[in-house]
Structure formats: structure tokens, C-alpha cells
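J.: Model the structure of this input:
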Amino acid sequence: MDIKSFENLVRTENTAKRFLTSLCWKNYRRFCIRCNSYHIYRIVGKRFRCKRCKYTFHEFTGRWINKLRIRCKDWLWIIKLFELELSARKISQQIDLSYPTVLKAVTLIRKAIIANSDDCDLLGGEVELDEAYFGGRRKGNRGRGAFNKVPVFGILERDGLVKVEVVKDVSARTLIDMTIKTVKRGSIVYTDKFRSYDSLMFCGYRHLKLDHKKRFSTGKVYINGLEGFWSYAKERLIKHHGVSKEKFPLYLKEMEFRYNNRNTTIFTQLTKYLVNLVPDLL
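T.: Below is the predicted model:
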């Protein structure tokens, strides 16, 4: 969204609320968020009540955006500055909200991203697999033997999407299970010679391997796409000056979302995620 359009949205609190409401309800046609009935009526306090189940709700009930009570204008400013990759502290300085409030807001944005991260279809065609290790300053061994690092498994579709997940280990069972859930059978899969990938040929994939100790590529056999994503993610995580292990999956999924949408503006998409209903399991 360009700056001129954004300025029109945040001109008043009413314009900001109208925009958010339009994303909540298709054609402004409201329904009961508990039983999905369209038989509702207005009551005092700008609320609605369902004729069928008697549930009472307002415009943003049950949605991510309702988990933090701030003005609609402030929500839109936070989303816009988040799109521009400002940290929570810098956002708080720009819009004159407290740091804890903004931190909670951007955490909700990241949770909303995760809630929508499984919407894409299975990856297919030519696919790269690789693992990486994230964390503080390295102690001891490099790579797979590094101490106190968080292992991350990545799957990238050539000229397509990337999917990344924090994993408990890089055992064959863990990596194969993740691949089967994410990649279509019959796809061509490129990896390095890590032994955990050896069983892929028995799972319905054409498996081509590259020995990184000898060379970085052999024709089409390379995993430079995922190497590019690891660099992309690590460079952007530096500005947060350290991320706890508990919150790291939130930041990782943010990097996945940004990378997959790197050639488009993400403001409207993020706003749609925030006005979605919160899944029961989250």
C-alpha cells in the first residue's frame, strides 16, 4: 500500500475502523462467530446478538486484533511500521505508545502469521532441503555439532516458496517426516550428503545429493536457494539483538512470510491476518 492511500486510512479513527471492519466481514454481512448464523440483530453499545444461540459480540470479538485494546489508527500504524521492518522499540518511539504495548502488538502479528502459515499447498517440482543452526555466539564445534544452537529445517521449492520449522533434532526420522508432510511424492529433491537424507529415495522422491566438501554445485544439483534464505533470515534477526528460544519460532515464521512475499507489499495481507478469527487451539 502506497503512502497516500495509507494516509487516507489513518486520517481519523473512524476511517481506520471502517477499513478494519471491511476486512472482518465480506460485504459488511455480519454473522455469529459462535454458530455461523446470519440471523443477528443490533443491541446497545454497538454490539450484536445472535437470534439462534444468543451469543453477544462486537465487530472485533474473537479476532487477533481484539487481544490488545488500542485504537484502530494505532493498529494500522504498527502494522505499517512492522511491514517496514522496524523493531518494537523503534515503533514505540515513532507512535508514542509504550514499548510493552507495541511488543505485545508485534507478537500478535507474528502469531497471526503462524496461524496462517499452513494455508499453502504441498511444494513440488524441484525442491531443496537443508538445515541451519541459529543462536548466539558459537561455542565449541561448528555446524551440526555446535553447542546451544537451535536446529532449523528448511524446504525450498525452486522459484517458489520456502517452508522452515524449528526441529528438536536433525535425525533421519525428523527430517523425513517433515519432508513427507510438505513435499509432493515424485518431486526431485536436492540435498547435501548428510546421512539423515539417505532414506528419501525410498519415500517416493528422486534424490540427488551434493558433496559440499568437494564443490558447491554440479549443474542443477545445488542448495544455494536455501543458503540464500539462511543469510536473509540471519541478517534480519541481528537487529533484534537476541531472541529467546521460546520466541524464536515466531521470528522464524516471520522471516518465512517476508521471504515468500519479498516481491509484494505485505500491509494488507498482515491486516487480513490480524482481523481473522483466532483458532481455538491458539
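
J.: Please count neighbours and contacts with C-alpha atoms only from this point.
T.: OK.

J.: Quick check: most distant residue from the centroid of the chain.
T.: V44 (37.4 Å; Cα atoms, centre = their mean).

J.: to the chain's geometric centre, what's the distance from the strand or helix carrying S22?
T.: Assigned by DSSP states H and E, S22 belongs to helix 13-24. Computed by Cα atoms, centre = their mean, to the nearest Å, the separation of helix 13-24 from the middle of its chain amounts to 23 Å.

J.: Same check on stretch 164-179?
T.: Distance, centroid of stretch 164-179 to centroid of chain: 19 Å (Cα atoms, centre = their mean).

J.: Show me what it is in contact with.
T.: 131, 150-155, 195-200, 249, 252-253, 256 (Cα atoms under 8 Å, 6 or more residues apart in numbering).

J.: Can you list which of those are found in helices?
T.: P249, L252, K253, E256 (DSSP state H).

J.: hang on, isn't the third one packed against A112?
T.: The one in question is K253. No - with contact defined as Cα atoms under 8 Å, K253 does not reach A112; the gap is 10.2 Å.

J.: Compare neighbour counts for these two and give me the winner.
T.: The neighbour comparison of K253 against A112 (other Cα atoms under 10 Å) goes to A112, with 27 against 21.

J.: model confidence over the helix or strand that contains the more buried one, on average?
T.: Using DSSP H and E, A112 sits in helix 99-115. On average, the pLDDT along helix 99-115 is 96.

J.: quick one: buried residues of the helix or strand hosting F6?
T.: Taking DSSP H and E as the criterion, F6 maps to helix 3-9. Neighbour counts using 16 or more other Cα atoms under 10 Å place L9 of helix 3-9 among the buried residues.

J.: How much space separates the closest residue to D74 other than its chain neighbours from R195?
T.: Closest residue to D74 apart from its sequence neighbours, by Cα to Cα, 6 or more residues apart in numbering: I95 at 7.5 Å. Separation of I95 from R195 (Cα to Cα, to the nearest Å): 51 Å.

J.: between those two, who's got more neighbours?
T.: I95 (13 against 9).

J.: I'd say the more buried one and W77 touch.
T.: Yes - contact criterion Cα under 8 Å: I95 and W77 qualify, at 7.4 Å.

J.: For burial, what's the neighbour tally of the spatially closest residue to G62 that is not a sequence neighbour?
T.: Spatially, and ignoring its direct neighbours in sequence, G62 is nearest to L277 (5.5 Å; Cα to Cα, 6+ apart). By the criterion of other Cα under 10 Å, L277 has 18 neighbours.

J.: Does L277 have any beta-bridge partners, and if so which?
T.: Counting by DSSP bridges, L277 is bridged to R63.

J.: how about it, what does it touch?
T.: G62, R63, W64.

J.: Next: V278.
T.: G62, R63, W64.

J.: any idea how far V275 is from the closest residue to C35 other than its chain neighbours?
T.: Of all residues not flanking C35 in the chain, C53 sits nearest, at 7.1 Å (Cα to Cα, 6+ apart). Here C53 is placed at a distance of 23 Å from V275 (Cα to Cα).

J.: What are the buried residues along stretch 34-53?
T.: I40, F48, R49, C50.

J.: How far does that stretch sit from its chain's centre?
T.: 32 Å.

J.: same question, stretch 21-30
T.: Counting by Cα atoms, centre = their mean, stretch 21-30 comes out at 24 Å from the chain centroid.

J.: how long is that stretch end to end?
T.: Per Cα to Cα, the first residue of stretch 21-30 is 10 Å away from its last.

J.: Return the set of buried residues in it.
T.: T21, L23, C24, R30.

J.: Brilliant, that's me finished.
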